[in-house]
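Curious how this folds, go ahead:
(chains A, B, C and D)
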2 protein chains.
Amino acid sequence: MTNKTLRRDAELNRQRLLEAAAELFRTRGLEITLDDVAEHAGVGVGTAYRRFANKDELIDALLESRIDAMVAMAERGLEDPDPWDGLVGYIVGALELQVRDRGLKEVLFAPGRGRKRVAGAKSRLAPVVSRLAARAREAGVVRQDFDTSDIPMIYLMLGTVVDFSRDAEPELYQRYLAILLEGIRAGGQPPELPVPALDIARFQEAMAAYKSR
Amino acid sequence: MTNKTLRRDAELNRQRLLEAAAELFRTRGLEITLDDVAEHAGVGVGTAYRRFANKDELIDALLESRIDAMVAMAERGLEDPDPWDGLVGYIVGALELQVRDRGLKEVLFAPGRGRKRVAGAKSRLAPVVSRLAARAREAGVVRQDFDTSDIPMIYLMLGTVVDFSRDAEPELYQRYLAILLEGIRAGGQPPELPVPALDIARFQEAMAAYKSR
DNA sequence: ACAGAAGCGGAGGTGTGTTCTCCGTATCTG
DNA sequence: CAGATACGGAGAACACACCTCCGCTTCTGT
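Residues are numbered from 1 along each chain as shown, chains lettered A, B, ... in the order given. The predicted structure follows:
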């Protein structure tokens, strides 16, 4: 254990770094550099590297709790008496977390990123989501061939929509979520779509912004 | 016009370069370098740069016809007496082209890439697809709020699935296409999904391969 | 079959971007 | 106040992509 308690100023800088990293992960995703974090925190790069050997340590320290927030949402979904509402509530809630936090979205699909804590949180998430999916299937509210892994695939698809339309219309993903949910549901009539499609001009705009990262 | 006819060996090398570029675009997408193309063609880099000032010239020379193949598919869809079959036929057909050709998939969503010929082909594609969508909507076979721009968005989402599952299960995208089509259709009962979902092991495998490009 | 034109190869220069170290200087702590 | 601790940030080390240059080879027409 390297816990000799830091000097007061050093501890302050450590907090500044953590806050800066949290904000940058949220807004710019995991592709930031430790140099970026240092600048954003208002400290020198040396200080950043002295405290955190690399980005994965930061990811591990900051993203475990974000994944656990997803676990909590899934558990709340399990408590919903209606299996459909429970499933959809989780999907929508977790999606919102991911929309507000690019880093969260990215760790979920980046097996290498993070360390033990992130890995632990992920392994806590999987079984709960699985139960949520199984319960919905057994209740007959989703198609019988619906599978647990369809849930991350939905995130994968909508994550792309979010990235694509971030500037043009950040809510656009809700339109495609509704379409996907409709495709997953057992029977029933399609409800109205919650967001209008992009018109040509805004589609172009989104496309231009998309590929320039 | 710089058309003084090349020396025989130079013309041969030009063909080799074009073939190499076509294959690399197909298998690795647009992110290849002219150096890669030269190596794959078995010529020196100098030769590659002498013939093609940059990648966009190659893209322009090679991808126009691929986009026109999509235009042809859309036109064939328009000729189908059933507006739903016509629309779906196009979506499936064009998707298959994109699955077999990463470069094609990528130009469609990369406004900067290519030059006049690619831009021209794209502007030929848009109105035909638009008519296909409008016809389906007017016939009442898709939801009334279905929009032309939903089609590229479907490609965007499924393109991600294709990239994700390229090694684990290249056909997986068909599963999610079926779900999306079901979400877009007016009324009706869901047909069986064409491809089973990924099990945990293969999902992990796909994820590992995904982020390492 | 030869001379001049055309073309070739690929080592290496330039530019950009990330990661990380080093050490002279500043700041804390007891 | 002395010693320990920490700071800043220039720049080294590396990794790529892009592109040029020029000594040598190969074609072409007469």
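
Any residue of the longest helix along chain A touching chain B?
Criterion DSSP state H: the longest helix present in chain A is helix A:55-79. No: using CB under 8 Å from any CB of the partner chain, helix A:55-79 stays clear of chain B, coming no nearer than 13.3 Å. No exception for glycine: its C-beta is placed from N, CA and C like everyone else's.

near DNA strand C at all, that helix?
Yes: under the criterion of CB under 7 Å from any atom of the strand, helix A:55-79 makes contact with DNA strand C via A:Lys55.

pLDDT weak spots in chain A?
Along chain A, the model assigns pLDDT under 70 to residues A:1-4, A:188-189, A:212-213.

need the residues of it near DNA strand D, please.
Counting by CB under 7 Å from any atom of the strand, chain A comes close to DNA strand D at A:4, A:6-7, A:9-10, A:13, A:42-47, A:49-51.

Intersect those with the contacts of DNA strand C.
Filtering those for proximity to DNA strand C by CB under 7 Å from any atom of the strand leaves A:7, A:9, A:45-46, A:49-50.

from those residues, which two are the most distant?
A:Arg7 and A:Val45 (19.1 Å; CB to CB).

higher neighbour count, those two?
A:Val45 (14 against 9; other CB atoms under 10 Å in any protein chain shown).

I figured the more buried one hits A:Arg51, correct?
No: in this structure A:Val45 lies outside contact range of A:Arg51 using CB atoms under 8 Å: 11.0 Å.

From the ones next to DNA strand C among the residues of chain A next to DNA strand D, pick the one nearest A:Leu198.
Nearest member of these to A:Leu198, counting by CB to CB, is A:Val45, at 40.6 Å.

Find the nearest non-adjacent residue to that closest one, please.
A:Ala38 (4.6 Å; CB to CB, 6 or more residues apart in numbering or on different chains).

Just give the nearest non-adjacent residue to A:Trp106, would you?
To be clear, residue A:106 is Glu; Trp isn't right here. A:Leu30 is the one closest to A:Glu106 (CB to CB, 6+ apart), at 4.6 Å.

returning to that earlier point: so the residue nearest to A:Val45 versus chain B, what's the distance?
The gap separating A:Ala38 from chain B is 25 Å, by CB to the nearest CB, to the nearest Å.

cool, A:Ser123 as well?
In terms of CB to the nearest CB, A:Ser123 sits 11 Å off from chain B.

what sits against that residue?
With contact set as CB atoms under 8 Å, 6 or more residues apart in numbering or on different chains, A:Ser123 has no partners.

follow-up on the earlier one: list the buried residues in the helix or strand just after the longest helix of chain A.
For helix A:55-79, the succeeding helix or strand toward the C-terminus, using DSSP states H and E, is helix A:83-100. Neighbour counts over helix A:83-100 (16 or more other CB atoms under 10 Å in any protein chain shown) mark A:83-84, A:86-91, A:93-95, A:98-99 as buried.

now those as CSV including distance to A:Asp68?
Conversion of the buried residues of helix A:83-100 to CSV gives the following (distance: CB to CB, whole Å):
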residue, distance to A:Asp68
A:Pro83, 23
A:Trp84, 25
A:Gly86, 19
A:Leu87, 20
A:Val88, 21
A:Gly89, 17
A:Tyr90, 14
A:Ile91, 17
A:Gly93, 13
A:Ala94, 12
A:Leu95, 17
A:Gln98, 14
A:Val99, 18
